[in-house]
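*Asks:* have a look at this prediction, sequence included:
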Amino acid sequence: MVRTALWMSCGAAALLAAANPSVFAQDQTGVRDETPRDVVTVTARRREEALVDTPVTVTAFSPAALERQQAVNLVDLSGASPNLYVAQTGGSASAAQIFIRGVGNDSLGFNTESAIGVYLDDVYLGRVQGGLVDLLAIERIEVLRGPQGTLYGRNATGGAVKYVLEEPDLQDASLAGEVTVGSFERADVRVSASAPLIDDVLAVRFDASARSEEGYVEGVGAGGNLTGETINGVERTTVRAAVRYAPNARFDIEAAADVTRDRSGISLSTPLSCGASGCSPAEGDPYRAFIAFADEGYFDGWGANITAEYDFDGFQFRSITAYRALEEYAPIDLSGSRFFTLPIQIDLDQNQTSQEFQLVSTGERALDWIVGAFFFAENARQDANFLGARRNQDDQEATSAAIFGEATFSVSDRLALTFGGRYTADDKSIDRTIIPAGGAPVTAQGEFDDTQFSWKLGADFEPTPDSLLYASFSTGYKPGGFGSTWPTGPIDGAGTVESEESESYEVGYKRSLAGRRGELALAAYWTEYNNLQQGSLSANQFIVTSSDVRTAGVEIEGSFNVTDQFLIFGNAGYLDDEVTRSNIPGDNLSRALRYAPELQAQLGAEYRAPVFNGEGFLGVIGRYQSETAQDQANSASLLLGDITLFQARIGYEDAAGRFRIQFAGQNLTDEDYWRSGVPNLGRFYAKPRTFSLTLSASF
């Protein structure tokens, strides 16, 4: 019933918008900014454009949109963009599993790349660890769907997520702070400050976030009694500083550095008791588990980058130089059971250096273009003790170099053609030592290299000044590598998995209606993957398998300001997938992809009204997700049925927008659901119902 209602609501809204512009319109951001006349701009094509004029499928979340979603990090945006699924990775409090249109990275393994590129201020993040970026001073978050490569530094077969942070302001000083308290002794503090040191020339910025929250999973002792311990909490601090120098109108350079210290400990699954009738929480409660490793896990990440821009006559030169590193220790218990433990202890050190150069055309002209070069070098060292059976020590070196470009030619005022290409060369090497329990060490070495050319063709047409039709064909590439994260022997250790490739067809329609009070975006796609890489826990090792897969779907998103005070927004994504080949003997080709629900939908509303010389607001969001497989084998123990979640917030802000108070709640119907798990062993349950109170001020 709820599924039908949500789907019909979004579908009816779209049909009504198309049929009668004066009645309804939507915006593919799923949100609107401060007034109905605001135009959301993005840099999805490496140049500033109005979102409705960008012929790619992209969702942009402004700061106001993030507040409506109650987003603290990317997990809170799961389902807020069509066919976007985000979960905290089981076992690591800092890692994110991001899936777009059924494709993503489902492994903590250092030996796998992500099909979804994640960028922090245009700097590619090479590991899923550290991917749960706490939102500091965000200008916007862009979620791009489909293969990427002709515009962005790193290849991606499934999409990209861009965090665009606020720059130091060269003209005005500002100070903002926010405090949140809530369920499970939650206490969050965020502070941002920006100040010009020399007007219009030199400015600095400082942002900090500290989050603390008790775990929502209770510990049980050997006899099943509650011990008073908790797990799956948050204890994370992030600090960022930036300086910007612009001595003249042509030259602009910004240097930034950030540090994250995470002492949240591990994420622990709830143990399962499985029988002929199915699986249920072994302790009779989805929020109880035996805590074998309490607060031993940690994550430290840091980085620095310099972005320089110089405007020539007719084009701009950009340079993005970055270094990032992380250290993580994750003692993971796969069982969470008081009767037995399945411990994996992982110690990972990673560092990366990247350099990107771009030349981008500027000004009004018939041909817009970008050409660039990208270089990425990474070292990952992992020491893992796997179930007490063996110890695996790995040292992987990887480099990637590419040249890329894209050009858009305006055939007329209404028709434009786009073509782009990318040539990439990847090299990897690994030194492995496998130490069996009670046995002699064995060593293995491996080499992997590949070169690929990926490309894109597209066309966009404006039937009217306020509408856009577009179509594209693009290919994507993700390098292969070493096929086992924890090999059992030297043969497995030297084995490789082939590179992943994708071919995607897409058509879309965007329309701005009613004086930009609302915008609508529709998209349909068909994508074929060769050697789609997926993770699987098998035969006491975590291996990377490959399949040929076809995905197809339709998407809709938008918003409408019914009045200046009343906003409606929503999105829906339908996904159909089919596995056509697998390298796993006897694999079930009728299985569904992991984290690929057939239907996701969100519908929300916000109402604002004058109150006490200010403005009161009330917002509600409902999200629906159809049945979702959470492992490659579609194990019944991890098959999550249809779920519907609700959240709401109510608050007040003064007329100047300087002070705000908000009371909010999530998972208001207190649904018990899980985001990932280990087949027949445990489930990583999401939080139960929570409430929070936020006070914020800005000057």
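*Replies:* Okay, I see it.

*Asks:* only C-alpha atoms for contact and neighbour calcs from this point on.
*Replies:* Noted.

*Asks:* what's around the residue lying closest to residue 688 once chain neighbours are set aside, how many residues?
*Replies:* Once flanking residues are discounted, residue 688 sits nearest to residue 670: 5.3 Å by Cα to Cα, 6 or more residues apart in numbering. Counted by other Cα atoms under 10 Å, the residues lying close to residue 670 total 13.

*Asks:* so which elements touch the helix or strand containing residue 469?
*Replies:* Assigned by DSSP states H and E, residue 469 belongs to strand 467-478. Applying 3 or more Cα pairs under 8 Å, 6 or more residues apart in numbering; DSSP states H and E, one finds that strand 467-478 makes contact with strand 442-461, strand 500-513.

*Asks:* possible to save these as TSV with mean neighbour count and distance to residue 524?
*Replies:* Formatted as TSV, those follow (neighbours: other Cα atoms under 10 Å; distance: least, Cα to Cα, whole Å):
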stretch	mean neighbour count	distance to residue 524
strand 442-461	18	14
strand 500-513	23	5
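
*Asks:* could I get those as a markdown table with mean pLDDT and distance to residue 417?
*Replies:* Shown next, in a markdown table, are those (pLDDT from 0 to 100; distance: least, Cα to Cα, whole Å):
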| stretch | mean pLDDT | distance to residue 417 |
| --- | --- | --- |
| strand 442-461 | 95 | 4 |
| strand 500-513 | 94 | 14 |
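
*Asks:* quick check: angle from the strand holding residue 469 to strand 442-461?
*Replies:* 160 degrees (axes from the mean of the first three to the mean of the last three Cα atoms, to 10 degrees).

*Asks:* who does whichever helix or strand comes after strand 467-478 pair up with?
*Replies:* Using DSSP H and E, the helix or strand that follows strand 467-478 towards the C-terminus is strand 481-482. Sheet pairing of strand 481-482 (DSSP bridges) gives strand 496-497 (antiparallel).

*Asks:* which other residues reach the strand it pairs with?
*Replies:* 448, 480, 481, 482, 483, 544, 545, 546 (Cα atoms under 8 Å, 6 or more residues apart in numbering).

*Asks:* ok, now with 10 Å
*Replies:* Under the criterion Cα atoms under 10 Å, 6 or more residues apart in numbering, residues 111-112, 446-448, 479-484, 531-533, 543-546 lie in contact with strand 496-497.

*Asks:* for the helices and strands packed on strand 467-478, which one sits closest to residue 347?
*Replies:* With Cα to Cα as the measure, strand 442-461 is the member of those nearest residue 347 (18.9 Å).

*Asks:* sorry, back to before: quick check: angle from the strand holding residue 469 to strand 500-513?
*Replies:* 160 degrees.

*Asks:* now do the SS call for the residue nearest to residue 688.
*Replies:* Taken by DSSP: H, G, I helix; E, B strand; the rest coil, the conformation at residue 670 corresponds to coil.

*Asks:* wait, it sits on residue 690?
*Replies:* Yes: between residue 670 and residue 690 there is a contact at 8.4 Å, judged by Cα atoms under 10 Å.

*Asks:* leaving out the residues flanking it, which one is nearest to the most centrally placed residue in the chain?
*Replies:* Nearest to the mean C-alpha position of the chain, by Cα atoms, centre = their mean, lies residue 98 at 4.7 Å. Excluding its sequence neighbours, the residue lying closest to residue 98 (Cα to Cα, 6+ apart) is residue 86, at 4.7 Å.

*Asks:* ok, residue 96 next?
*Replies:* Counting by Cα to Cα, 6+ apart, the residue nearest residue 96 is residue 88, at 4.8 Å.

*Asks:* how close does the one you found sit to residue 581?
*Replies:* Counting by Cα to Cα, to the nearest Å, the gap between residue 88 and residue 581 amounts to 29 Å.

*Asks:* name the SS class of residue 492, please.
*Replies:* Here residue 492 is recorded as helix under three-state DSSP.

*Asks:* beta partners of the nearest residue to it once chain neighbours are set aside?
*Replies:* Closest residue to residue 492 in three dimensions, ignoring its sequence neighbours and counting by Cα to Cα, 6+ apart: residue 484, at 6.6 Å. As for beta bridges, residue 484 partners with residue 543 under DSSP bridges.

*Asks:* show me what the one helix or strand residue 660 maps to pairs with in its sheet, parallel or antiparallel.
*Replies:* If you go by DSSP H and E, residue 660 is part of strand 659-666. According to DSSP bridges, strand 659-666 forms sheet pairs with strand 643-654 (antiparallel), strand 690-698 (antiparallel).

*Asks:* helices or strands up against the helix or strand that that strand is followed by?
*Replies:* Sequence-wise, the next helix or strand downstream of strand 659-666 (DSSP H and E) is strand 674-678. Helices and strands touching strand 674-678, by 3 or more Cα pairs under 10 Å, 6 or more residues apart in numbering; DSSP states H and E, are strand 84-88, strand 270-275, strand 682-685.
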